[in-house]
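*Asks:* prediction below, plus the sequence it came from.
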Amino acid sequence: MKAQVIPGETTGVQIGEQLKIDAEGGEWFLLSDLGDKIGMTQDTAKITQEMINASKEGKWSVIRVGITVRVLAGKEKGSVEDYRPDAPTCLIVPGTNLKTTLIPKLMRTGAEMGKHTDEDMGEGKPTTKWPDAYKVRLFNDMLWPDRNIVCVVVANFPHPRAYSEYPDLCQPFTRDRAEEYFDRYRLAMDAVDKYCPRADEVEQFATVPFGTQMGHTKEEDIPYLLERLLPALRKHLCRGKKPKHLDFLSWEEKWVENLKGADETDAD
C-alpha cells in the first residue's frame, strides 16, 4: 500500500483515506521501526518531516489498535524471579545451547518445571551457518503456584566461546542482522502456538533483553537493536489472534531509554 504525504499538510486521517482504512472496523495506526505512531482513523495531527525521516525508506507498518507493550524496569520490577503477572503468561528467555541459568532460579522460588521438548523452528527461514540457530526449548508441563506462568520458552544462543573458537559458524549479532535478532523472539512466540498444548491459556508474553552480555551482540549495536525490537514484536503480535500483550522486563535500567515504542514504562 502506498500513500502520498506532504510534510506539514497531510494528516493521519488523510493517509487512512488514501489506504482505504475502514474507521468503523476499529482504530488503526502507522508504526515506524522506531516506534513512532500515526493514527489513521482519529488523529488529525499533521505529518512532520521528522516523522517521515523516522521511517525506513518511507516504509511504515499498518497496525490495529489493541496490541499493548509494557516495559518493567529495575532490580525489582524488572526481575523475572519476582514477576507476578495478572494474566496467564508465557515467559520467553535466552539460553546457551538451550540451557538457561534462570530455570534453577525459578525452581528455587517454587516453580516445578516438569518435562520439556526441543523444537526446530527453522522451516521457511534462511539457512544459517550455526545449525541450532532456530531451535527452542519449551517447558509446557510446569507449575508455579501464584505466578500465572503457563509455560517457558528458551531461545537458543551459542556458548560465548564459540564466537572466537568457531568464527565461521557463529558471529555476534549486529545491526546488519537485526531481523535475525528479532527472530529469536518471534520464533519463540510462534513455537507456543505450534507446540504448546496449553497455548489457548496464554493471554500474554513476557520476555527480557537478549544477548546484551557475554559478547552475543556487538556492544556498539545493542542500542540500535533494542530501539527497533519492541516495534518489531508489536508488528508480529498483530498477525496472530492472541496473545496481544507483551511485558518486557529489564533489570538493567540503562536499557530503558533504548526500548522505544512501549505503551507504558514502569520502573523502580
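*Replies:* Great, that's in hand. Values in this document were obtained by computation on a predicted structure and should not be read as measured data. Numbering: from 1, shown residues only.
*Asks:* which residue is nearest the centroid of this structure?
*Replies:* With distances taken as Cα atoms, centre = their mean, the residue of the chain nearest its centroid is L233 (3.8 Å).
*Asks:* show me what the one helix or strand it maps to is packed up against.
*Replies:* Secondary structure assignment for L233, by DSSP states H and E: helix 222-237. If contacts are counted by 3 or more Cβ pairs under 8 Å, 6 or more residues apart in numbering; DSSP states H and E, helix 222-237 sits against strand 28-31, strand 61-64, strand 68-73, helix 178-195, strand 245-250. Every C-beta, even on glycine, is put in place using the N, C-alpha and C of the backbone.
*Asks:* next, the angle strand 245-250 makes with the longest one.
*Replies:* This means helix 178-195. Angle, helix 178-195 to strand 245-250, by axes from the mean of the first three to the mean of the last three Cα atoms, to 10 degrees: 130 degrees.
*Asks:* ok now the helix or strand harbouring P104, how far from the chain's centre?
*Replies:* Element membership for P104, per DSSP H and E: helix 102-108. Centre-to-centre, helix 102-108 and its host chain are 23 Å apart (Cα atoms, centre = their mean, to the nearest Å).
*Asks:* what sits up against whatever helix or strand comes next after it?
*Replies:* Sequence-wise, the next helix or strand downstream of helix 102-108 (DSSP H and E) is strand 116-120. Outside strand 116-120, the residues within contact range by Cβ atoms under 8 Å, 6 or more residues apart in numbering are L98, Y134, K135, V136, R137, L138, F139, N140, D141, A191, K194, Y195.
*Asks:* out of these, which are inside helices?
*Replies:* A191, K194, Y195 (DSSP state H).
*Asks:* am I right that the last one is in contact with L138?
*Replies:* Pointing back at Y195 there. Yes - here Y195 reaches L138: they are 5.8 Å apart, a contact under Cβ atoms under 8 Å.
*Asks:* outline the domain layout of this structure.
*Replies:* With automatic domain parsing as the criterion, the domains of the chain are listed as 12-64, 68-267.
*Asks:* most packed of those domains?
*Replies:* domain 68-267 (a mean of 17; mean count of other Cβ atoms under 10 Å).
*Asks:* report the residue spans of the stretch 151-268 of the chain with pLDDT below the cut-off.
*Replies:* Scanning the stretch 151-268 of the chain for pLDDT under 70 picks out 240-241.
*Asks:* go with 80
*Replies:* Scanning the stretch 151-268 of the chain for pLDDT under 80 picks out 239-242.
*Asks:* can you check the stretch 1-150 of the chain too?
*Replies:* 1-66.
*Asks:* so which residues of it form strands?
*Replies:* Listed in chain order, the strands of the stretch 1-150 of the chain (DSSP state E, counting those that start in this stretch) span residues 28-31, 37-39, 61-64, 68-73, 89-96, 116-120, 135-139, 149-157.
*Asks:* turn those into JSON lines, including distance to P167.
*Replies:* Output for the strands of the stretch 1-150 of the chain, formatted as JSON lines (distance: least, Cβ to Cβ, whole Å):
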{"stretch": "strand 28-31", "distance to P167": "36"}
{"stretch": "strand 37-39", "distance to P167": "40"}
{"stretch": "strand 61-64", "distance to P167": "35"}
{"stretch": "strand 68-73", "distance to P167": "34"}
{"stretch": "strand 89-96", "distance to P167": "17"}
{"stretch": "strand 116-120", "distance to P167": "24"}
{"stretch": "strand 135-139", "distance to P167": "21"}
{"stretch": "strand 149-157", "distance to P167": "16"}
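*Asks:* perfect, that will be all.
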